[in-house]
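Trainee: model this:
(one chain, ligands or ions: 2)
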Amino acid sequence: MTPPRYAPSQKVLHWAVAALVFALVPIALAMANLPDGALKNALYEWHKSLGLTVLGLAVARLLVRAARGAPALVEGLPAWQRRAARASHRALYLLIVLVPLLGWAGTSVCCAPVMLYSTVPLTLPISGGMPVGETILTVHQVAAFALVALVVAHVAAALHHHLVRRDGTLRRMWWGRGEG
Ligand code: HEM
Ligand code: HEM
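Mentor: Residues are numbered from 1 along each chain as shown. Ligands and ions are numbered 1, 2, ... in the order given. Take a look at the predicted model:
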């Protein structure tokens, strides 16, 4: 039988990725706009390590999703909303993998060794130099802003379900009474 809620592991991964993305975007904007110095460098390192953490969690999410599936959408939604929900969820999954992969590839090509939390060296063995790296990082930036736009729509939809339709959609991704 289809479970009425997401599995606990799916909820933990969903909210961990969301929290990290909400931290990563302001860190990115700050690091890109600060003058050169220790703070800017530290923010770059945090951005790269937290971004790689998102990549790891996103892959875990996809594996759990493949194994556990998802509860059927709530009853009574018009067809276009069902299609929009499925398409936007797929696009969110795609972007939480693609955005950090592009950042990782771009940084590896052009700029600096990639170290995970100043410990594990994770530079990808790809070459191309500054122009290629900069192009990949531009695509990374555009894809990251597309992710932000999609998250805004996703949150608006979640709030609409919760506050206007009051149909329990948000509770499927949250903890509470009746937990299976
Ligand atoms: C979900 C994960 C990520 C998100 C949401 C994200 C978001 C962003 C955004 C919005 C920018 C643009 C900042 C600006 O120029 O205004 C940016 C830049 C950048 N990101 Fe990421 N990023 C992620 C993962 C990564 C990873 C994993 C790496 C490298 C390992 C990385 C490396 C970079 C670098 C080097 C820049 C600066 C490019 C430049 O200076 O022009 N990012 N990121
Ligand atoms: C970076 C931020 C976020 C990302 C990448 C994201 C991504 C996703 C994805 C891919 C799904 C589909 C899960 C599946 O079917 O396997 C989902 C479901 C969901 N998300 Fe998010 N989400 C984010 C933030 C949020 C926030 C802030 C809220 C609430 C305000 C939220 C509420 C929900 C709800 C309620 C569902 C379940 C929808 C349903 O049961 O049909 N998400 N999210």
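Trainee: how about the residues of the protein by ligand 2?
Mentor: Residues of the chain lying near ligand 2 by CB under 6 Å from any ligand atom: 14, 17-18, 21, 65, 70, 73, 85, 89, 92-93, 96, 151, 154-155, 158, 169-170, 172-173. Placement of C-beta: from N, CA and C, glycine included.
Trainee: for this structure, give me the ranges with low pLDDT.
Mentor: Within the chain, the stretches with pLDDT under 70 are 1-3, 177-180.
Trainee: show me where the protein has helices.
Mentor: 8-33, 38-68, 79-110, 129-159, 169-172 (DSSP state H).
Trainee: report whether the first one contacts ligand 1.
Mentor: To tie it back to what came earlier, the one meant is helix 8-33. Yes. On the criterion CB under 6 Å from any ligand atom, helix 8-33 is in touch with ligand 1 at 21, 24, 25, 28, 29, 32.
Trainee: what residues of that helix count as buried?
Mentor: Buried residues in helix 8-33, defined by neighbour count with 16 or more other CB atoms under 10 Å: 10-14, 17-18, 20-21, 24-25, 27-28, 31.
Trainee: any idea which of the residues of helix 8-33 next to ligand 1 is closest to ligand 2?
Mentor: Ligand 2 lies nearest to residue 21 out of those, by CB to the nearest ligand atom, at 3.6 Å.
Trainee: I'd say that closest one and residue 92 touch.
Mentor: No. Taking contacts as CB atoms under 8 Å, residue 21 lies outside contact range of residue 92: 9.9 Å.
Trainee: could you pull up the residues touching the residue nearest the centre of the chain?
Mentor: Taking CA atoms, centre = their mean, the centroid of the chain lies closest to residue 96, which sits 3.5 Å from it. By CB atoms under 8 Å, 6 or more residues apart in numbering, the contact set of residue 96 is 17, 21, 54, 55, 58, 61, 147.
Trainee: just give the nearest non-adjacent residue to residue 92, would you?
Mentor: residue 150 (5.9 Å; CB to CB, 6 or more residues apart in numbering).
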